[in-house]
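[1] Sequence and predicted structure are below.
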Number of protein chains: 2
Amino acid sequence: MVEPVEEIDDLRTADGRVPGRRGRATRQRLLECTAEMLRTGSYRSLKVIDIAREAGTSPATFYQYFGDVEDAVLVLAQEMALDSERLVRIVREGRWNGRSGLRAALRLTDAFFGFWDQHRPVIRVVDLGAEEGDRRLRTIHLALLYNVTVQLAETIKGIQADERNLGVDPLAQAGMLVATLANVAAHQHSFEAWGIRAADVRISVARHVFSGITGQRPPAK
Amino acid sequence: MVEPVEEIDDLRTADGRVPGRRGRATRQRLLECTAEMLRTGSYRSLKVIDIAREAGTSPATFYQYFGDVEDAVLVLAQEMALDSERLVRIVREGRWNGRSGLRAALRLTDAFFGFWDQHRPVIRVVDLGAEEGDRRLRTIHLALLYNVTVQLAETIKGIQADERNLGVDPLAQAGMLVATLANVAAHQHSFEAWGIRAADVRISVARHVFSGITGQRPPAK
DNA sequence: GGCTTCCCTGACGGGTCGTCAGTTGCGGGT
DNA sequence: ACCCGCAACTGACGACCCGTCAGGGAAGCC
């Protein structure tokens, strides 16, 4: 748990008030509408006036709770980042040696696929923003996969001590594996457009993860 | 070579003219400025008025050559996609067995890193647009890595016949390897922010690519 | 110079942005 | 029941960008 995503327990409106129940509800509704519009429309064309209309309120209200559209998206991104903890848990609790290792790899692969399916619209905006140099989004982008990478590196280190030296830096190895998981999860659809079946990719990735962690060739099945 | 990126040899301006030398030069300047602003600023805040100012012309001129900002970006994306041929060449011309295989994997890894370094701003917009469902960008996104994936699958198939059955679908395997290469190339910077040295990642990826293609554990060094 | 073709732009109606000052709604006190 | 005070919302406004004309310059040709 490094780089904690900045907590914002004491909400303040634009004019310094502490919002009450009604205010927080409105804010929440605006967030949900933002997420919804991000799911159905393009980030570039996301306007505060649209969000406000969708939420049945006026643009001025939006500005009470968020400085701009990016701010609202940032909050969504923070919420998503918290959820990434579940990926860490799967790595930590998995048994990675022998045949059960391949099962653990499959579980991890599935978890990545699920996480991406759930958060895809927000993730892609975080990716873009991080690449573009937005400091806040970059922090989130970092936190998003850092913990699972570190946990994976720990696991690799343990296995290395047990069995054999892989001749690579565990953290780099973990980083690469996470990069694979993330990108494959992100691009399932491209794969299917290429005529590659999801099930096949899933196997390839899991085997890859398995041997990346253990240094062994995966079991036949 | 599938899904050829739509060629646009006969340029037309908004009012149906075929642009002459001066016109094409202006158009080109607008494209370059678009690329530049994409490099230095955010996609979301990219306005035609900024591009026009940067190019020393008026917004109305921009609209003579492009329907909107997305159109201009699309052209940049098409140009980039053409350049991806060089990745295919490296796969096709590499010798993938034995020790020279690892060298080929390193060359391929480096080529991906280089390609991303060069085209990063455009790639990230293509990624976003493709995810968001923009048909034109999705086509480019597809074409971008499809050819190298197919070539890689061919290579894998050849090696499988020679040596052993890997128990995976070659195309899925190739897709995963390309996903790894692409995502690692995209996120070098994240890695360095995590304290992972680029050189270490490079090795991890190349070894991974090697064993993904050959089904063998990589040579010690 | 005069003409044609190509190229560019000023200006405009329409829309969003972000910010006020001011209105409405809501709960608590008496 | 009434009022009060604050929380919550909004209409309206100047600023700016959008996308589109009709009209004015520049380049080439005779």
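    Happy to help now that I have it. Nothing here was measured: the structure is a model prediction, and the numbers come from that model. Numbers count the residues shown, from 1 in each chain, chains lettered A, B, ... in the order given.

[2] what's stretch A:27-34 in contact with?
    The set of residues external to stretch A:27-34 that reach it, using CB atoms under 8 Å, 6 or more residues apart in numbering or on different chains, is A:11, A:19, A:46, A:51-52, A:54-57, A:61-62, A:65-66, A:69, A:72-73, A:75-76. The way it works is simple: take the backbone N, C-alpha and C, and place the C-beta from them, glycine included.

[3] how about a cut-off of 7 Å?
    Defining contact as CB atoms under 7 Å, 6 or more residues apart in numbering or on different chains, one finds that stretch A:27-34 is touched by A:19, A:51, A:54-55, A:62, A:65, A:72-73, A:75-76.

[4] Return only those of those found close to DNA strand D.
    residue A:19 (CB under 7 Å from any atom of the strand).

[5] Tell me which of the contacts of stretch A:27-34 fall in helices.
    Within those, residues falling in helices by DSSP state H are A:51, A:54, A:62, A:65, A:72-73, A:75-76.

[6] Is it possible to get those out as TSV so that each row also shows distance to chain B and neighbour count?
    Converted to TSV, these look like this (distance: CB to the nearest CB, whole Å; neighbours: other CB atoms under 10 Å in any protein chain shown):
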residue	distance to chain B	neighbour count
A:51	14	25
A:54	18	15
A:62	17	25
A:65	20	21
A:72	13	23
A:73	10	25
A:75	17	17
A:76	15	19
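
[7] right, and out of the residues you listed, which lies closest to residue B:93?
    Nearest to residue B:93, judged by CB to CB, of those is residue A:73 at 44.0 Å.

[8] With adjacent residues omitted, what lies nearest to the closest one?
    residue A:125 (5.7 Å; CB to CB, 6 or more residues apart in numbering or on different chains).

[9] and if you look at residue A:11?
    Per CB to CB, 6+ apart, closest to residue A:11 is residue A:19, 5.6 Å.

[10] Report pLDDT for that neighbour.
    We have a pLDDT of 92 for residue A:19.

[11] what's around it, how many residues?
    15 (other CB atoms under 10 Å in any protein chain shown).

[12] give me every residue that touches it.
    With CB under 7 Å, 6+ apart, residue A:19 has these contacts: A:11, A:13, A:27.

[13] Show me which residues of chain A are close to DNA strand C?
    A:14, A:22, A:47-49, A:59-60, A:63, A:68-69.

[14] one more time with 10 Å, if that's ok
    A:14-15, A:20-22, A:45-53, A:58-64, A:66-71 (CB under 10 Å from any atom of the strand).

[15] In PyMOL, how would I select the buried members of these?
    Selection command for PyMOL covering only the buried members of the residues of chain A next to DNA strand C, criterion 16 or more other CB atoms under 10 Å in any protein chain shown:
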select buried, chain A and resi 46+48+50+51+52+61+62+64+66+69+70
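
[16] if we can go back for a sec, of the contacts of residue A:19 - the most surrounded one?
    Going by other CB under 10 Å, residue A:27 tops these with 21 neighbours.

[17] Is there any residue in the lowest-mean-pLDDT helix or strand in chain A that contacts chain B?
    Every helix and strand of chain A was ranked by mean pLDDT, DSSP states H and E. The lowest is helix A:188-193, at a mean of 86. Yes. Helix A:188-193 lies within reach of chain B by CB under 7 Å from any CB of the partner chain, at A:190-191, A:193.

[18] Name the residues that touch that helix?
    A:113, A:198, A:201, B:141-142, B:175.

[19] Please repeat the previous calculation with a cut-off of 8 Å.
    Residues contacting helix A:188-193 (CB under 8 Å, 6+ apart): A:113, A:116, A:184, A:198, A:201, B:130, B:141-142, B:145, B:172, B:175.

[20] quick one: which of the residues you listed is nearest residue A:215?
    residue A:184 (21.0 Å).

[21] sorry, back to before: and after the least confident helix or strand of chain A, which helix or strand comes next?
    helix A:198-214 (DSSP states H and E).

[22] Output that following helix as PDB - backbone C-alpha positions only.
    Backbone C-alpha positions of helix A:198-214 (Å, rounded to 0.1, in the frame of the first residue of the first chain) are rendered in PDB as follows:
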ATOM      1  CA  ALA A 198     -11.400 -15.100 -25.800                       C
ATOM      2  CA  ALA A 199     -10.900 -18.600 -24.300                       C
ATOM      3  CA  ASP A 200      -7.700 -19.100 -26.200                       C
ATOM      4  CA  VAL A 201      -6.300 -15.800 -25.100                       C
ATOM      5  CA  ARG A 202      -7.200 -16.600 -21.600                       C
ATOM      6  CA  ILE A 203      -5.200 -19.800 -21.700                       C
ATOM      7  CA  SER A 204      -2.200 -18.200 -23.400                       C
ATOM      8  CA  VAL A 205      -2.100 -15.400 -20.800                       C
ATOM      9  CA  ALA A 206      -2.600 -17.700 -17.800                       C
ATOM     10  CA  ARG A 207       0.200 -20.000 -19.000                       C
ATOM     11  CA  HIS A 208       2.400 -17.100 -19.600                       C
ATOM     12  CA  VAL A 209       1.700 -15.700 -16.100                       C
ATOM     13  CA  PHE A 210       2.400 -19.100 -14.600                       C
ATOM     14  CA  SER A 211       5.700 -19.500 -16.200                       C
ATOM     15  CA  GLY A 212       6.600 -15.900 -15.700                       C
ATOM     16  CA  ILE A 213       6.100 -16.400 -12.000                       C
ATOM     17  CA  THR A 214       7.500 -19.900 -11.500                       C
END
